[in-house]
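Q: Give me coordinates for this.
(one chain, ligands or ions: 1)
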Amino acid sequence: MIPASFDYSSPKTLSEAISLLQQHGADAKILSGGQSLIPLMKLRMAAPKHVVDINGIDGLAYIKESGGFLTIGALTREADVDASQLVHDRYPLLADTAGVIGDPLVRNLATVAGNLAHADPANDHPATMLALGASVVATGPKGARTIAISDFFTGIFTTTLAPDEILTEIRVPMPQAGSGGAYLKVERKVGDFAAAAVAVQITLDGGSFTSAGIGLTNVGPMPIKATRAEKALVGKPAVESTIVEAARIAAEEADPAEDLRGSVDYKRSLVRVLTARALRLAITRAKGEH
Ligand SMILES: Cc1cc2nc3c(=O)[nH]c(=O)nc-3n(C[C@H](O)[C@H](O)[C@H](O)COP(=O)(O)OP(=O)(O)OC[C@H]3O[C@@H](n4cnc5c(N)ncnc54)[C@H](O)[C@@H]3O)c2cc1C
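A: Numbers count the residues shown, from 1 in each chain. This next block holds a predicted model:
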């Protein structure tokens, strides 16, 4: 299908992009990788009158550790995350996630920032960032503000970003010693969105969990932070009975709807099994055994 007609701008600076967003308000849409926006425009489910393509702005593509965080710039592609040795060595949950977004063609263009800003509960990064306790930087006419990811999503396809703000950076806290993470996803075929997926990030000290983050993908109208399951882990020994109980609680916290990807019971069951498996893998990684 062919999109409705629209005007197109390719600003060269952030301030130019923000001015365009201010000028066009709710009629404007930012274009990053275009992997969600363009299909929606072709289907005419989105018909922005003005597209602000930020790909010409220098300095927005980076992955680096700085000030206690892994910082990811707005124009960092999934393929760059997947190719980053730093990410594979220190942020395996993030590496797992980038590696299962769509297919290689999608990953070459899609950005992590676009994945979050799109706020599709089927997208994979929201749950991962919830588990990692990340934050995002939104830059607008009044400057930059930092938003905890747990406050970022407000509903299906909606976030706290104002129409004239650009998500410019993602900040993931640097892991403490004894940390590990994993993302496990069940999809009907390679490249599909998840029937269900689970993100886990844990820290171990003396064989017990000292912190735990669990995020659930595509089993509710918004990405879910499984806070009760997290609480069931902290302070407990990293043994099978603790894992099984946390996985049971995570399945309770899921709120799936029946669709072509499966029934409510099937999806809850996936959450239970994937949470347990992701915890076991995260523990192995935290111990440096994987
Ligand atoms: C075939 C296919 C398979 C896919 N499979 C998956 C999958 O398995 N898992 C998954 O998570 N996703 C999947 N997707 C969706 C897509 O990959 C993500 O939503 C993508 O990461 C969006 O990023 P983008 O840079 O392409 O954003 P765009 O499409 O450019 O933008 C998406 C939305 O976010 C806004 N936006 C973009 N960047 C910013 C920014 N910096 N600041 C503020 N707003 C911004 C845009 O205005 C738009 O509303 C798939 C897409 C396709 C086409």
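Q: Now do the spatially closest residue to residue 25 that is not a sequence neighbour: how many residues are near it, please.
A: Counting by Cβ to Cβ, 6 or more residues apart in numbering, residue 25 lies nearest to residue 163, which is 5.6 Å off, once chain neighbours are set aside. Yep, even glycine has a C-beta here, placed from its N, CA and C like the rest. By other Cβ atoms under 10 Å, 14 other residues sit near residue 163.
Q: and residue 163, that's in a strand?
A: No - counting by DSSP: H, G, I helix; E, B strand; the rest coil, residue 163 falls outside a strand, being coil.
Q: From the ligand, how far out is it?
A: From residue 163 across to the ligand, the span is 10 Å (Cβ to the nearest ligand atom, to the nearest Å).
Q: and if you look at residue 100?
A: From residue 100 to the ligand the distance is 6 Å (Cβ to the nearest ligand atom).
Q: re earlier: got a list of what the residue nearest to residue 25 touches?
A: 21, 25-26, 28 (Cβ atoms under 8 Å, 6 or more residues apart in numbering).
Q: go with 7 Å
A: Counting by Cβ atoms under 7 Å, 6 or more residues apart in numbering, residue 163 touches 21, 25-26.
Q: Please enumerate residues in contact with the helix or strand harbouring residue 136?
A: Using DSSP states H and E, the element containing residue 136 is strand 135-140. Outside strand 135-140, the residues within contact range by Cβ under 7 Å, 6+ apart are 14, 18, 116, 144-149, 152, 161-162, 164-171.
Q: Whichever of those residues end up buried, select them in ChimeraX.
A: Per 16 or more other Cβ atoms under 10 Å, the buried members of the contacts of strand 135-140 correspond to this ChimeraX selection:
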select :14,18,116,147,149,152,161,164,165,166,167,168,169,170,171
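Q: Sort out for me which of the contacts of strand 135-140 are in helices.
A: 14, 18, 116 (DSSP state H).
Q: Check the residues you listed against the ligand and report the nearest one.
A: Nearest to the ligand among those is residue 116, at 8.2 Å by Cβ to the nearest ligand atom.
Q: Relative to residue 99, how far out is that closest one?
A: 17 Å (Cβ to Cβ, to the nearest Å).
Q: Look up how far the ligand lies from residue 108.
A: To the ligand, residue 108 is 10 Å away according to Cβ to the nearest ligand atom.
Q: Can stretch 117-126 be said to contact the ligand?
A: Yes - counting by Cβ under 6 Å from any ligand atom, the ligand has neighbours in stretch 117-126: 117-118, 120, 123-124.
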